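Asker: Give the three-dimensional model of this entry:
(3 chains)
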Amino acid sequence: MEALLAIVIGVLYASGVYMLMRRSIVKLIIGLALLAHGASLLVFTAAGLTRAVPPVIPYGEKAVTGVADPLPQALILTAIVISFGVQAFAMVLAYRAYQTVGTDDLDDMKATDT
Amino acid sequence: MIYAVLSGFVLALLAPALYRLSARWSGVVFSVFPAILALYFLSHMEAVVGGEAVRVAWPWMPAMGLELSFNLDGLGLLFALAITVVGTLIITYAGSYLHGHPSLPRFYLFILMFMASMLGVVLSDNLIALFIFWELTSVTSYFLIGFEHDKDTARAAALQALLVTGTGGLALMAGVLLMGQIGGSFEISALAADNAALQGHRLYPLVLALVLAGAFTKSAQVPFHFWLPSAMEAPTPVSAYLHSATMVKAGVYLLARLSPVLGGSDIWLYVVTGFGAATMLASAYQALYQTDLKKILAYSTVSVLGTLTMLIGLGDKLAIKAAMVFLMAHVLYKAALFLVAGSIDHETGTRDIRNLGGLRKTMPIICAGAAVGALSMAGLPPFFGFVGKEALYEAVTHGNLPVTVIAVLTSMLLFAVAWLAGIRPFSGAETHTPKHAHDPPWTMWLGPVFLGCLSVLFGFMPVLPEKLLSAAASSVLAKEVHMHLALWHGFNALLVLSLVTFALGVLVYWQLETIKRVTAFALPAVHRGPSHWYALWLRFLNWSAVGQTRVLQNGYLRLYLATIMTVTAVLAWYTFLTYGDVTVVAMDWGDIGVHEWVVGLVALVGAIATVRAQTFLRAVMALGVVGYSVALIFVLYGAPDLAMTQFLIETLSLILFVFVFYYMPPFKRFSRRVVIVRHAVIGTAVGAFFTLLVLVATSVQWHPTISTYFSENSYLMGQGRNIVNVILVDFRGFDTLGEITVLAVAGIGVYSLIRLRLGKGRGS
Amino acid sequence: MNSLILRTASRFLLILLFQFSIFLLLRGHNDPGGGFVGGLVLAAALTLYAIAYDVRSMRRFLPCRAQTIIAWGLLAAAVSGVFSMFKGQPFMTGQWTHVYIFGVDLHLGTPLLFDIGVYLTVVGVVLIVIISLAEEVEEDD
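Answerer: Numbering: from 1, shown residues only, chains lettered A, B, ... in the order given. As a prediction, this is how the structure comes out:
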């Protein structure tokens, strides 16, 4: 599965980077979202995949081995929530900027900052 | 002792408020503080000359090995006394000199802050702390030179001083860090105890060059000397204090302090002695050409700083002793002469020596102070300057011939310069001056008179400062030495040398105009050269800054991003291709189940559809497909927490997207085809690298995994069975706390953005 | 949105999802779940309600403003770390105790308080975004 996921991650990064460089501010934020997905999967896959055994210690035992790696999961969980916060902020910022300057073209916005 | 240093900062901050209590006598009131400090340091005299250093340490950032440690040894005590005693006189003086000046409270703030920083420099045993205090003196000096900030010249001079000493400061910082790295400690005492490791290191020349750059810029050594005469734009008390008695000696202090650590090598001997000798002669020569009283004194100060540097460079017992004596003599006469110059300027309205003469009748007290200062500077007996010069001659004649010649020539020139600055304005016929001259109030003659008295007293009885100077020399040499000073050494070679110097000096003064005319050809080389380079360098910096801004800060976000991404891709690929020690696992397609194929391909299609979408709604839907596929991947590979979070976040994001962008205009195609292709190439380069990265990363495990620790201790220590949750709320709880704080900030940011009514009134 | 089915469903769903979110929060330490997921479930439920009716009706369910919820959340999370300091341990060392109420053994600890803080913060942040935007849009209409 690593091979397939590697390609998925590559495509997510490529499309995210490509979208970041568009002139439309909406596309930029979509690019941000794509990058966030790519990053989550990257950490998840790079740490090694384990099928269907969540990192939970069964009742009656004190420790467990052979489960999915819990550390990247903890990292990704916070990353997902943070990226939501950042995206919400970016969206509202874009929306506000669009309302104020009347364009969603980043090149036009350049002329308005003076 | 820590309070002695730090209380200055506190008092500085209170100074403007205290000033209001008694504006009339503010100078006298504020001078009580340095006077108390001076008494405090005097009280340690007994212990210090007895050979025991007073040391206190205060942990500051123990994790970084940083402590505020102060060490009061002979050298530190000598400087601390100079700082506080001269400080007392200067502040008393300034109260009258700047009386009625609207910014006087600010002056007290900066001068007190400077004094505290300077004490920090000379007492710190920790190099990092020393560096911080060092930079503080540069900064306060900047404010003090630019005190008359409505004058262009003052601002330019302040900036020049800051840039020159600040650049040196940067070099010093690098040197200090290297020293700490190599020597394994930032404590000077520890480094001095094991200086072989440092001096044997292959980076020693670099460390030395960096430290010397710091010391030479601060102490105005050729070719960085030009900032000091420019700094005469400062009010005279500042020039007297910072630019003759204390701050410019910080560089000399640093050399002296570090000579047990860095000194003793051949390269130290040649470089330090060479620069010092060049400076002492070149600036004594330049002083002849000045007509501004303060500039004359400034150049002669630079010359003395050169002498001190040269002596420390020689580094033997006689040289270090001479340096200490010469330094003390200089503090006594030069501060006095500066204060005299200030008084003359204040009372007559000019300090151009061509317009001054005959002031002995109108300003008798100042005249007396000036005469003592000038005669001491000229090195005439029975003043302390004579003792200093004898010590200098004793040291250089044991050194070598070139240095001796330079020392004699310099003393000869300084003899004439001393006459020019301290005797000439008072002798001859009275001249017409813008203001009618008379003696200033007692606060303004106290300084020159007090320092003059010390010059005479120490001249007749050099045994008085002998112990302190011996202790100072001992700390520079890192071994105990005793010196015996006397006014009369008997009729010997040194005395002959002195007599020759006097004769030559009289000759120079007498034939001054002829000598100036004959030697004027050399002036541009030493005078205009360095400051011209400085101006060129500054212009180049400004020009390149403007150019860089135009190219790099062009305002096009996509160009920034394209640059960042290109650089990232190129560097990442370069590293990968040249690293060698990586293996890429072969792509294994056999282990993929049908359902996994479906999920993976759906994610792929979703990503491509997002990019290719023509309308906004399609793009968001495609993005949603990607997000839910990611969630499914989490489900398949044992991450139920992640899957739940991803599902919910994706849903909420979609709602938000639709909510917000419903009101945005439809997609337009802005970019030209060539731009699109270029960006696609950049994107592909980045994406391909990450594909490769995954393939490499899954096959290597360079460091032992730390997840095992979490798995083993989650229940035992964290008392939870869901390891992911235990990591989040317990093991790495601090991170999570930071993370929810970021989240809260983002939420509040959204709220403020919505509440912010930018352009609402204007637009519609 | 004016859909009778959605409105009716969302009202029931809100109660169910609220209970579910609390359930996720509390069991999070030993089974999949936790403050993040729980908070998101509640926030999603409230958002659904806001879509079915309007934001004003949704706000009636809130005891205070969304900002205040965030503040309480951060406070709870921060305070949970302080307890250990009374015992001379580093900030955020987990503290556990057993409480017996009506014969039930409750295993309580500061990580639970921390998770409640996370839960409240997440709920508050999502709601503050939704409410701000909705007010903006409603004003524009």
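
Asker: does B:Pro229 really touch B:Leu297, like I thought?
Answerer: No. Between B:Pro229 and B:Leu297 there is no contact under Cβ atoms under 8 Å: 9.5 Å. Every C-beta, even on glycine, is put in place using the N, C-alpha and C of the backbone.

Asker: out of the two, which sits in the more crowded spot?
Answerer: When neighbours are counted by other Cβ atoms under 10 Å in any protein chain shown, B:Pro229 and B:Leu297 differ, and B:Leu297 comes out ahead with 33 against 26.

Asker: show me what contacts that one?
Answerer: B:239, B:244, B:334, B:337-338, B:341, B:421 (Cβ atoms under 8 Å, 6 or more residues apart in numbering or on different chains).

Asker: ok, and of these, which contact chain A?
Answerer: Counting by Cβ under 8 Å from any Cβ of the partner chain, nothing from the contacts of B:Leu297 sits close to chain A.

Asker: Reformat those residues as JSON lines; add secondary structure.
Answerer: Putting the contacts of B:Leu297 into JSON lines (DSSP: H, G, I helix; E, B strand; the rest coil) gives the following:
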{"residue": "B:Ser239", "secondary structure": "helix"}
{"residue": "B:Ser244", "secondary structure": "helix"}
{"residue": "B:Lys334", "secondary structure": "helix"}
{"residue": "B:Leu337", "secondary structure": "helix"}
{"residue": "B:Phe338", "secondary structure": "helix"}
{"residue": "B:Ala341", "secondary structure": "helix"}
{"residue": "B:Ala421", "secondary structure": "helix"}
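
Asker: now, which of those residues sits nearest C:Gly124?
Answerer: Among the contacts of B:Leu297, B:Ser239 lies closest to C:Gly124 (Cβ to Cβ), at 60.6 Å.

Asker: Just give me the residue closest to the centre of chain A.
Answerer: A:Ala36 (1.0 Å; Cα atoms, centre = their mean).

Asker: Kindly state the pLDDT recorded for that residue?
Answerer: On pLDDT, A:Ala36 comes in at 94.

Asker: these two touch, right, C:Phe83 and C:Thr110?
Answerer: Yes. In this structure C:Phe83 lies within contact range of C:Thr110 using Cβ under 8 Å: 5.3 Å.

Asker: More neighbours: the two, which one.
Answerer: C:Thr110 (23 against 17).

Asker: Would you confirm that the more buried one contacts C:Gly81?
Answerer: Yes. Counting by Cβ under 8 Å, C:Thr110 does reach C:Gly81; the two are 7.2 Å apart.

Asker: shared neighbours of these two, anything?
Answerer: By the contact definition Cβ under 8 Å, 6+ apart, C:Thr110 and C:Gly81 are jointly contacted by C:Met92.

Asker: From chain A, how far out is B:Gly749?
Answerer: 5 Å (Cβ to the nearest Cβ, to the nearest Å).

Asker: Chain neighbours aside, what residue packs nearest to A:Met19?
Answerer: Leaving aside its sequence neighbours, A:Met19 sits nearest to A:Gly31 (Cβ to Cβ, 6 or more residues apart in numbering or on different chains; 2.9 Å).

Asker: just B:Val599 next, same as before
Answerer: B:Leu632 (4.8 Å).

Asker: Which element, helix or strand, includes the one you found?
Answerer: Assigned by DSSP states H and E, B:Leu632 belongs to helix B:616-636.

Asker: Are there helices or strands packed against that helix, and which ones?
Answerer: helix A:25-46, helix B:594-612, helix B:640-661 (3 or more Cβ pairs under 8 Å, 6 or more residues apart in numbering or on different chains; DSSP states H and E).

Asker: how about those, which one is nearest B:Thr568?
Answerer: Judging the helices and strands packed on helix B:616-636 by Cβ to Cβ, what sits closest to B:Thr568 is helix A:25-46, at 12.5 Å.

Asker: three-state assignment of B:Ala47?
Answerer: Reduced to three states by three-state DSSP, B:Ala47 is helix.

Asker: hmm, back to that, so which of the contacts of B:Leu297 sits lowest on pLDDT?
Answerer: B:Ser244 (83).

Asker: give me every residue that touches it.
Answerer: Taking Cβ under 8 Å, 6+ apart, we find B:Ser244 in contact with B:297-298, B:301, B:330-331, B:334-335, B:338.

Asker: Just to be sure, which of those residues are found in helices?
Answerer: With helices taken from DSSP state H, the overlap with the contacts of B:Ser244 comprises B:297-298, B:301, B:330-331, B:334-335, B:338.

Asker: tell me the SS of A:Leu49?
Answerer: Local secondary structure at A:Leu49 is given as coil here, using three-state DSSP.

Asker: Give the closest residue to it in space, chain neighbours not counted.
Answerer: Excluding its sequence neighbours, the residue lying closest to A:Leu49 (Cβ to Cβ, 6+ apart) is B:Tyr637, at 4.9 Å.

Asker: One more: C:Pro32?
Answerer: With Cβ to Cβ, 6+ apart, the residue lying closest to C:Pro32 is B:Pro640, at 3.9 Å.

Asker: What residues does that neighbour make contact with?
Answerer: Contacts of B:Pro640 by Cβ under 8 Å, 6+ apart are A:54, B:634, C:32.

Asker: Any figure for the gap between it and A:Val56?
Answerer: Distance of B:Pro640 to A:Val56, computed by Cβ to Cβ, to the nearest Å: 8 Å.

Asker: who touches both of these two?
Answerer: C:Pro32.

Asker: quick revisit: I'd assumed A:Val53 was in contact with the residue nearest to A:Leu49.
Answerer: No. Contact criterion Cβ under 8 Å: B:Tyr637 and A:Val53 do not qualify, at 9.1 Å.

Asker: More neighbours: which of the two?
Answerer: A direct count of neighbours by other Cβ under 10 Å for B:Tyr637 and A:Val53 places B:Tyr637 higher, at 24 against 12.

Asker: check contacts around the more buried one.
Answerer: With Cβ under 8 Å, 6+ apart, B:Tyr637 has these contacts: A:1, A:44, A:49-52, A:68.

Asker: Distance of whatever residue of chain A ends up closest to chain B relative to A:Ile76?
Answerer: In chain A, the residue that lies nearest chain B is A:Ala14 (2.7 Å; Cβ to the nearest Cβ). As defined by Cβ to Cβ, A:Ala14 lies at a distance of 21 Å from A:Ile76.

Asker: repeat for B:Val456
Answerer: Computed with Cβ to Cβ, the distance linking B:Val456 and A:Ile76 is 81 Å.

Asker: Show me which of the two is the more surrounded one.
Answerer: A:Ile76 (25 against 16).

Asker: OK, contacts around the more buried one?
Answerer: A:Ile76 neighbours (Cβ under 8 Å, 6+ apart): A:40, A:43-44, B:639, B:642.

Asker: Please apply the same query to A:Leu32.
Answerer: Counted by Cβ under 8 Å, 6+ apart, A:Leu32 has contacts A:16, A:20, A:83, A:86-87, A:90.

Asker: Identify, from those, the entry nearest to B:Leu716.
Answerer: For the contacts of A:Leu32, the nearest to B:Leu716 is A:Ser83 (33.0 Å; Cβ to Cβ).

Asker: Burial check on the closest one, number of neighbours?
Answerer: Quick note: A:Ser83 (other Cβ under 10 Å) scores 20 neighbours.

Asker: B:Arg558 too?
Answerer: Neighbour count for B:Arg558, taken as other Cβ under 10 Å: 18.

Asker: helix/strand/coil for it?
Answerer: Once three-state DSSP is applied, B:Arg558 turns out helix.

Asker: The residue nearest to it when sequence neighbours are not counted: neighbour count?
Answerer: Using Cβ to Cβ, 6+ apart and skipping residues adjacent in sequence, the residue nearest B:Arg558 is A:Met21, 4.4 Å away. Residue crowding around A:Met21 was assessed by other Cβ under 10 Å; the count is 25.

Asker: thought A:Met21 was touching B:Thr563?
Answerer: No. Counting by Cβ under 8 Å, A:Met21 does not reach B:Thr563; the two are 10.3 Å apart.

Asker: those helices in chain C, which residues are they?
Answerer: Under DSSP H, chain C gives helices at C:4-27, C:35-52, C:55-59, C:66-80, C:83-86, C:110-140.

Asker: Fine, thanks again, bye for now.
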